[in-house]
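1. Need a 3D model of the sequence below.
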Amino acid sequence: MDWHRVVGSLLQLDINTYLVNSQNVQICEVKELNKHDSLQLLSLTIFGEKHPKIGYEDLSESVIAYCKGNPLAIKVLGANPSSRSKEAWDNELKMLQKIPNRKIFNVLKLSYDDLDCCQKAIFLDIACLLREEHKDFVKHVLEACRFFATIGIEVLLDKALIELKLIWHVNLDVDTIEMHVLLQEMGREIVNQESKDPGKRSRLWRAEEISELLKNNKSDSFRRMKNIRYLKIYNISDGSTCNVYFPDGLEWISDKLRYLRWDGYCLESLPSTFCAEMLVEICMSHSLKTNFHSKSLLVDGCSSLMEFSVTSEEMTELSLHGTAIRELSLSIWRNCKLTSLGLTECNKLNTVGKKLSDDHGLGFVTELDLSGCTEIDALSLWSILDGI
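-> Numbers count the residues shown, from 1 in each chain. Predicted coordinates:
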């Protein structure tokens, strides 16, 4: 293949997937270059031949690994002088991990600049926080932020700023939101340019920056985050522990929060001033909190949780896996929108709250998991099944 003749077209296609002619608009998907073609394009650009120069094989491999099949990035990085030393090449690759190449950034940003304000917000949320998450979850959170997620995601797909990747999850094929690493870097750099002070940026994702912010401001950290919509604190290696502690307590969290995941939450409750009306999903695995208001609630592994009440009639999903609850609360029976109830390994659950004549029961539940509930007797089990 003659890369010098076709690379100009590839670069244009990489910016936008639309090919317009006088008859109609055709959408054309441009595939990433495979490893062989990437290496050939890089070698032709730098050395004028199809293979890397002797001694530069490993560095060439590192360059194409960084570019992830993007012909624009390969051409830009390959335009550096072929006489550059291996040490200089290695140093530039390390620099790119923190500071994106300006030429690549400016070209990729053209498609971002063409978005409206909601679409830009969606793109930045995905680049900084939501990449590789399930599509339905991403839409759920973004719709709660009033970003018009359905059309926004479609626009990003049409402009090839994101893509859908099918994965196998719990006996189902589900779509996840994917984004090329260079586009993710571009989005994150846009946020980095908002301020030199991480605490004044719209989004934070680096653990070291978040840790420094919390350390310096202690319990007052979240009071400064008046518009926080998405909060995820977790230990990637062990969800049962978390190194975020507030010895003086936590006084305030923004009422604008839509999603909250806080594994190993160290306090007995969320701040009393917190109003969770906008919260659409909460996950507090291995935590102590006992009373929440949300549409989807997952408190799996909270082995100290002994009492629980449903405070939202809008709740559709509830998972209490591994908790120490002894009684199925009366509030469960009054929830007419609950469709999924997970009680696996609730091995102390032995009492079912009495269903009153005017309670709705569990008539809308389509998923019920009682595996591992060894203390439930026949009468209690019949009460649960009778409500469905």
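
2. Point out where the stretch 201-350 of the chain drops to low pLDDT.
-> For the stretch 201-350 of the chain, the stretches with pLDDT under 70 are 217-219, 237-243, 286-294, 304, 307-313.

3. Relative to residue 136, how far out is the spatially most central residue of the chain?
-> Closest residue to the average C-alpha location of the chain: residue 130 at 2.5 Å, with C-alpha atoms, centre = their mean. Computed as C-beta to C-beta, to the nearest Å, the residue 130 to residue 136 distance reads 12 Å. C-beta: built from backbone N, CA, C; applies to glycine.

4. And for residue 257?
-> Applying C-beta to C-beta, the value for residue 257 to residue 136 is 20 Å.

5. Which one's more surrounded, the two?
-> residue 257 (23 against 11; other C-beta atoms under 10 Å).

6. Can you name the residues that contact that one?
-> 228-231, 276, 278-279 (C-beta atoms under 8 Å, 6 or more residues apart in numbering).

7. Report the two of the residues you listed separated the most.
-> Using C-beta to C-beta, those span at most 14.2 Å, a distance reached by 230 and 276.

8. buried subset of the contacts of residue 257?
-> 228-231, 276, 279 (16 or more other C-beta atoms under 10 Å).

9. could these be laid out in TSV, adding secondary structure?
-> Conversion of the buried ones among the contacts of residue 257 to TSV gives the following (DSSP: H, G, I helix; E, B strand; the rest coil):
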residue	secondary structure
228	coil
229	coil
230	strand
231	strand
276	coil
279	coil
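
10. Could you dump these into TSV and include distance to residue 93?
-> Listed next are the buried ones among the contacts of residue 257 as TSV, based on distance: C-beta to C-beta, whole Å:
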residue	distance to residue 93
228	34
229	35
230	31
231	33
276	45
279	42
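
11. Check the burial of the spatially closest residue to residue 252 that is not a sequence neighbour by counting its neighbours.
-> Spatial nearest neighbour of residue 252, chain neighbours left out: residue 223 (4.8 Å); criterion: C-beta to C-beta, 6 or more residues apart in numbering. As a burial measure, residue 223 scores 13 neighbours (other C-beta under 10 Å).

12. so how far is residue 202 from residue 223?
-> 17 Å.

13. Over to residue 212?
-> Residue 212 is 17 Å from residue 202, by C-beta to C-beta.

14. same thing with residue 133?
-> 19 Å.

15. repeat for residue 295
-> For residue 295, the distance to residue 202 - C-beta to C-beta - is 25 Å.

16. same question, residue 330
-> Taken as C-beta to C-beta, the span from residue 330 to residue 202 is 43 Å.

17. Likewise for residue 185?
-> Distance from residue 185 to residue 202, by C-beta to C-beta: 17 Å.

18. So for the two, which sits in the more crowded spot?
-> Remark: of residue 185 and residue 202, residue 185 carries more neighbours, 23 against 15, as counted by other C-beta under 10 Å.

19. Skipping its backbone neighbours, what lies nearest that one in space?
-> In space, residue 185 is closest to residue 100, 4.7 Å off (C-beta to C-beta, 6+ apart).

20. which ones are touching residue 315?
-> Contact analysis of residue 315 by C-beta under 8 Å, 6+ apart lists 294-297, 335, 337-338.

21. picking up where we left off before, surely the residue nearest to the centre of the chain touches residue 139?
-> No. At 10.1 Å, residue 130 does not count as touching residue 139 under the criterion of C-beta atoms under 8 Å.

22. following the helix or strand harbouring residue 77, which helix or strand shows up next?
-> Using DSSP states H and E, residue 77 sits in helix 71-78. Going down the chain from helix 71-78, the next helix or strand is helix 86-96, by DSSP H and E.

23. distance between that next one and the chain's centre?
-> Mean-position distance between helix 86-96 and its chain equals 30 Å (C-alpha atoms, centre = their mean, to the nearest Å).
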